[in-house]
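Peer 1: the sequence and its predicted three-dimensional model are supplied below.
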Amino acid sequence: MRVQLKKMKCLNYLWLNITLLGLVHFPVAHSRGSHGGDGVQPLSKIAIHRAVYELHENASVKTLPLVLGTKGEDFQWIDVKFESPKPSDDDWIAVFSPANFNSSTCPATDIMEEPPYICSAPIKYKFANDSNTDYAKTGKATLKFRLINQREDFSFALFSGGLSNPKLVAVSNSISFTNPKAPLYPRLAQGKSWNEMSVTWTSGYDINEAVPFVEWGFKGRPQIQSPAGTLTFGRNSMCGTPARTFGWRDPGFIHTSFLMDLWPNSKYSYKLGHMLHNGTVIWSKTYYFKSSPYPGQNSLQRVVIFGDMGKAERDGSNEYSNYQPGSLNTTDQIIKDLDNIDIVFHIGDISYANGYISQWDQFTAQVEPIASTLPYMIASGNHERDVPGSGSFYDGNDSGGECGVLAENMFYVPAENRAKFWYSTKFGMFHFCIADSEHDWREGSEQYKFIEKCLASADRQKQPWLIFAAHRVLGYSSSYWKDGSFGEPMGRESLQKLWQKYKVDIAFFGHVHNYERTCPIYQNQCMKSEKSHYSGTVNGTIHVVVGGGGSHLTKFGETEPTWSIYRDVDFGFVKLTSFNHSWLLFEYKKSSDGNVYDSFTISRDYRDVLACVYDGCEPTTLAS
């Protein structure tokens with residue numbers, strides 16, 4: 001009787017502190033192993049709204065160390081020891097941040113459901129027997145987790161009942177980083193001018209606490225300081241569940257500074273600073289980047305392009321579903337080759353957070369070695385933008401209620417309006433036109449006018465390599481669809497004449513999770529018969545699907561059209577190398593080994609760009 005009373009008191013205490021208000025709609029959670037690489041966000045498989053409390057006095061979860069980052073680290077590995085008197089194969093350990101996952105994290109609602117409930121999703125999880133197959137017999141195990149600094153403390157919880165019917169058995173002590181507010185995860189991007197670099201980062205400091213800035217200059221020379229702006233957003237900026245409900249997590253404060261009047265091709269150092277009111281400055285570590293070449297400058301210039309990468313956990317958590325099997329390989333291959341890359345384009349489906357806001361921190365931490373060193377340019381994809389009734393061109397909820405807010409704030413792009421995620425940028429001998437496939441791009445639309453203006457503005461004598469990119473396939477892909485020329489049919493109808501008129505060299509797309517290269521093509525017809533080298537006037541645009549950045553892979557359809565030159569169902573990325581105004585090397589590399597599996601070259605002179613092509617000739621006159 002005494003034990004039962006103690007259990008009831010404990011439950012009542014938890015009910016008072018974690019009595020949660022009902023949420024209107026929840027995804028159906030799936031049992032462990034029911035899916036393999038299906039593209040469902042792993043955290044959505046947890047039916048956290050169904051969680052009930054079965055705390056047991058003989059169950060425990062303990063973590064060490066209690067304080068993280070004592071030497072300035074922004075991540076740390078920790079041991080989580082736990083035991084249960086009633087172990088099973090379905091037991092799992094969840095990581096919560098903030099540590100106190102009680103009713104204070106719940107959105108206000110008038111709908112009341114029978115308590116107790118948990119309304120805050122964990123940021124990651126592992127099954128209890130992942131490191132000890134004897135756990136179901138002994139009831140004891142230890143798991144290793146890798147935690148990054150995410151501005152809040154952490155706690156660990158042991159659940160039974162699997163992901164579909166979780167029962168809270170024990171909760172650990174809380175742990176935290178020495179300075180959870182520290183400036184972290186800088187992301188570089190091209191500014192609106194060729195000689196401008198933006199630096200965006202995340203911290204826990206609002207402007208009423210500290211003044212953000214960047215200290216920078218030539219490597220090894222006296223440094224200057226540039227101010228930074230500060231933005232954030234709240235739960236009400238989200239457009240739907242789970243971002244607005246159990247997937248919500250405070251994003252902290254996002255700062256952006258613009259480093260102006262850079263000298264071309266020069267090495268710079270920089271570090272992030274926050275000046276407190278007492279004059280103390282909180283510093284980040286020092287980073288380095290190389291500034292962009294002058295537009296048209298004749299030098300070695302190297303570009304990496306991929307889509308649909310997402311994130312994965314280096315500690316193996318959230319990974320039973322094989323959700324992002326290739327993202328770490330892609331990330332690590334690019335990191336290995338950093339010295340031979342000048343700029344990166346990630347063309348949509350960035351983090352696959354899908355409304356679980358904590359995952360954006362995880363993603364920016366994963367790509368920090370790249371994004372802190374090279375301009376990391378992004379495009380908007382369906383998993384960043386689409387929410388029904390939110391003005392996106394497609395009516396799904398692929399963004400999990402984010403409706404573009406996270407992507408538009410976490411990364412800078414030189415768009416006139418970042419809510420309309422289309423922009424142009426110049427880099428040496430390259431001219432890039434980046435479209436937003438989640439907004440209308442049909443003829444007569446606002447974006448169509450931008451695309452034509454961007455393509456028409458390319459000075460091909462100075463920037464001979466004209467590149468178009470968007471997330472969804474607006475051109476050609478032979479995946480799934482029987483007609484063998486799937487893309488968005490309206491995309492081909494609306495944009496094909498623009499690509500032809502302005503002689504776009506290569507059009508890149510993601511969304512379909514594989515690799516495919518076409519011949520130079522126009523209206524379903526190959527305009528050149530060569531496969532590995534194109535010289536002189538090319539007459540068409542080469543279309544490339546490069547959506548194998550890391551997410552679950554997509555099979556090809558049964559039809560292999562004549563215009564499909566190379567197809568591969570694997571993870572990989574493309575690297576473009578411009579040697580000069582006349583030679584371009586294209587390489588498709590696999591993320592598994594970094595080796596080249598498909599390639600071609602283009603050689604031509606300026607007069608070849610000016611030459612007349614089919615459906616792309618300017619009218620002439622006999623007038624004198």
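Peer 2: That came in fine, so what should we check first?
Peer 1: switch to C-alpha atoms for all contacts and neighbour counts from now on
Peer 2: Will do.
Peer 1: which residues are in contact with stretch 448-461?
Peer 2: 296, 422, 424, 431, 433, 435, 440-443, 466, 498, 502, 504, 606, 609 (Cα atoms under 8 Å, 6 or more residues apart in numbering).
Peer 1: report the two of those residues separated the most.
Peer 2: The span of the contacts of stretch 448-461, defined through Cα to Cα, is set by Asp440 and Tyr606 at 33.4 Å.
Peer 1: please pick the buried ones from the contacts of stretch 448-461.
Peer 2: 296, 422, 424, 431, 433, 435, 440-442, 466, 498, 502, 504, 606, 609 (16 or more other Cα atoms under 10 Å).
Peer 1: mark which of the residues you listed are part of helices, please.
Peer 2: Under the assignment DSSP state H, the buried ones among the contacts of stretch 448-461 contribute 498, 606, 609 to helices.
Peer 1: and the helices in this structure?
Peer 2: Counting by DSSP H, the helices of the chain are 2-18, 135-138, 327-336, 358-366, 368-371, 382-385, 405-410, 446-456, 489-501, 606-610.
Peer 1: dump those to CSV, plus distance to Ala228 and mean pLDDT.
Peer 2: Below are these laid out as CSV (distance: least, Cα to Cα, whole Å; pLDDT from 0 to 100):
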stretch, distance to Ala228, mean pLDDT
helix 2-18, 39, 36
helix 135-138, 51, 92
helix 327-336, 27, 96
helix 358-366, 19, 97
helix 368-371, 18, 98
helix 382-385, 25, 95
helix 405-410, 14, 97
helix 446-456, 29, 98
helix 489-501, 38, 91
helix 606-610, 42, 94
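Peer 1: relative to Lys290, which of the ones you listed is closest?
Peer 2: helix 368-371 (12.2 Å).
Peer 1: the closest residue to Leu584 other than its chain neighbours pairs with what?
Peer 2: Take Leu584 and drop its neighbours on the chain: the residue closest to it by Cα to Cα, 6 or more residues apart in numbering is Ser578, 4.6 Å away. Legend: beta-bridge partners of Ser578 under DSSP bridges are Gln301, Leu584.
Peer 1: roughly how far apart are Ser578 and Val304?
Peer 2: 12 Å (Cα to Cα, to the nearest Å).
Peer 1: equivalent analysis for Pro520, please.
Peer 2: For Pro520, the distance to Val304 - Cα to Cα - is 21 Å.
Peer 1: and those two? which has more neighbours close in?
Peer 2: Neighbours were tallied for Pro520 and for Val304 using other Cα atoms under 10 Å; the higher tally belongs to Pro520 (24 against 19).
Peer 1: that one is in contact with Glu530, isn't it?
Peer 2: No: between Pro520 and Glu530 there is no contact under Cα atoms under 8 Å: 9.1 Å.
Peer 1: hmm, back to that, for the residue nearest to Leu584, give me its contacts.
Peer 2: Contacts of Ser578 by Cα under 8 Å, 6+ apart are 299-302, 429, 584-585.
Peer 1: report the buried members of those residues.
Peer 2: 301-302, 429, 584-585.
Peer 1: and which of the residues you listed is nearest Val405?
Peer 2: Arg302 (30.3 Å).
Peer 1: coming back round to it: how about the buried ones among the contacts of Ser578 in JSON lines, adding pLDDT and distance to Gln461?
Peer 2: Below are the buried ones among the contacts of Ser578 laid out as JSON lines (pLDDT from 0 to 100; distance: Cα to Cα, whole Å):
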{"residue": "Gln301", "pLDDT": "98", "distance to Gln461": "16"}
{"residue": "Arg302", "pLDDT": "98", "distance to Gln461": "19"}
{"residue": "Met429", "pLDDT": "98", "distance to Gln461": "9"}
{"residue": "Leu584", "pLDDT": "98", "distance to Gln461": "15"}
{"residue": "Leu585", "pLDDT": "98", "distance to Gln461": "18"}
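Peer 1: need the max-distance pair from those residues.
Peer 2: The widest separation within the buried ones among the contacts of Ser578 (Cα to Cα) is 13.1 Å, between Met429 and Leu585.
Peer 1: show me the chain divided up by domain.
Peer 2: Domain ranges of the chain: 60-177, 184-610, per the TED database.
Peer 1: from the chain's centroid, how far away is the last one?
Peer 2: Average the C-alpha atoms of domain 184-610, do the same for its chain, and the two points are 9 Å apart (Cα atoms, centre = their mean, to the nearest Å).
Peer 1: sort out which residues of stretch 258-275 are buried, please.
Peer 2: Applying a neighbour-count criterion of 16+ other Cα under 10 Å, one finds 258-259, 262-265, 267-275 buried in stretch 258-275.
Peer 1: next one: stretch 74-94
Peer 2: Under 16+ other Cα under 10 Å, the buried positions of stretch 74-94 are 74, 76, 78, 80-85, 87-94.
Peer 1: just the mean pLDDT for that stretch, thanks.
Peer 2: What stretch 74-94 shows for mean pLDDT is 95.
Peer 1: now do the end-to-end distance for it.
Peer 2: Stretch 74-94 end-to-end distance (Cα to Cα) = 21 Å.
Peer 1: mind showing which ranges of this protein have poor pLDDT?
Peer 2: Within the chain, the stretches with pLDDT under 70 are 1-39, 102-117, 319-324, 480-486, 624.
Peer 1: so the residue most central in space within it versus Ser551, what's the distance?
Peer 2: Nearest to the mean C-alpha position of the chain, by Cα atoms, centre = their mean, lies Ile350 at 2.2 Å. Between Ile350 and Ser551 the computed distance is 10 Å (Cα to Cα).
Peer 1: so for Gly616, which of the domains of the chain sits nearest?
Peer 2: Closest among the domains of the chain, using Cα to Cα: domain 184-610, at 4.2 Å.
Peer 1: quick check: end-to-end length of the closest one?
Peer 2: 47 Å.
Peer 1: and what of stretch 155-164?
Peer 2: Using Cα to Cα, the two ends of stretch 155-164 sit 21 Å apart.
Peer 1: check the offset of that stretch from the chain's centre.
Peer 2: 28 Å.
Peer 1: and for the residue nearest to Ile93 when sequence neighbours are not counted, the neighbour number?
Peer 2: Excluding the flanking residues, the one nearest Ile93 by Cα to Cα, 6+ apart is Leu158, at 4.7 Å. Look at Leu158: counted by other Cα under 10 Å, it has 27 neighbours.
Peer 1: now Leu158, which residues is it bridged with?
Peer 2: Ile93, Ala170.
Peer 1: my read: it touches Phe96, true?
Peer 2: No: using Cα under 8 Å as the test, Leu158 is too far from Phe96 to be in contact (11.1 Å).
Peer 1: of all the helices of the chain, which one comes closest to Thr245?
Peer 2: Checked against Cα to Cα, the stretch from the helices of the chain lying closest is helix 358-366, at 12.8 Å.
Peer 1: dump the closest one to CSV, restricted to CA.
Peer 2: Below are the C-alpha coordinates for helix 358-366, written out as CSV (Å, rounded to 0.1, in the frame of the first residue of the first chain):
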residue,chain,number,x,y,z
SER,A,358,16.0,21.1,-33.0
GLN,A,359,17.2,19.4,-36.2
TRP,A,360,18.3,22.7,-37.8
ASP,A,361,20.9,23.1,-35.1
GLN,A,362,22.0,19.5,-35.7
PHE,A,363,22.3,20.3,-39.5
THR,A,364,24.3,23.5,-39.1
ALA,A,365,26.6,21.8,-36.7
GLN,A,366,27.1,19.0,-39.3
